[in-house]
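J.: Can you look at this prediction? I've put the sequence above it.
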Amino acid sequence: MKTTFRYLAITVISLVVQPLQAAEPPSLYGAWQPVTYVIQGDAYPMSGLMIITPKYFSSNTLFKLEQDAEVNANANAGPYHLADGKIVLNQWMQLHWRPGKPGEHFLAQEVVEEIPYKIENNKLIFFFPSGNRYISERLE
């Protein structure tokens, strides 16, 4: 009887734990291709590469805000951690290049930024405090 009870208990526990493991959110780790930059509700195509490892990230993006405009760029790299549904980027360097607006491009160091995010299917979406969004797709 005790053996039957043990097998029954192990079966019930495994049936409960297995769905919990399957419900874990998809991993951030890997290579992502930025595809859309949503600024004040307007979507602009992006290109570039974001790599996220268990401890570090690096992101390089290019985009145009107007069809014939010069290319804008963002680059960031450094360690990160996750907290309360946010990715907290500890950016060793943050570069914004805005050739059409020289007063708006800069290179900064040691920038900490908390960004709410979610993963939907193969998309990683960063929700910036400004209301802007980065949408990236997982690369295989």
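T.: Thanks, I have it. Residues are numbered from 1 along each chain as shown.
J.: If you count neighbours, what's buried in the lengthiest strand in the chain?
T.: Counting residues, the longest strand found in the chain (DSSP state E) is strand 106-120. By 16 or more other C-beta atoms under 10 Å, the buried positions in strand 106-120 come out as E113, I115. Heads up, the C-betas are built off the backbone N, CA and C, glycines and all.
J.: same thing with stretch 66-86?
T.: Under 16+ other C-beta under 10 Å, the buried positions of stretch 66-86 are N72, A73, N74, A75, N76, A77, G78, Y80, K86.
J.: Who are the packing partners of the longest strand of the chain?
T.: Packing partners of strand 106-120 (3 or more C-beta pairs under 8 Å, 6 or more residues apart in numbering; DSSP states H and E): strand 86-97, strand 123-127.
J.: out of the buried residues of stretch 66-86, which one sits closest to L28?
T.: Y80 (8.8 Å; C-beta to C-beta).
J.: re earlier: turn the buried residues of stretch 66-86 into TSV, including distance to L124 and pLDDT.
T.: Shown next, in TSV, are those (distance: C-beta to C-beta, whole Å; pLDDT from 0 to 100):
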residue	distance to L124	pLDDT
N72	20	91
A73	19	94
N74	15	93
A75	17	96
N76	14	96
A77	17	97
G78	18	97
Y80	13	96
K86	13	95
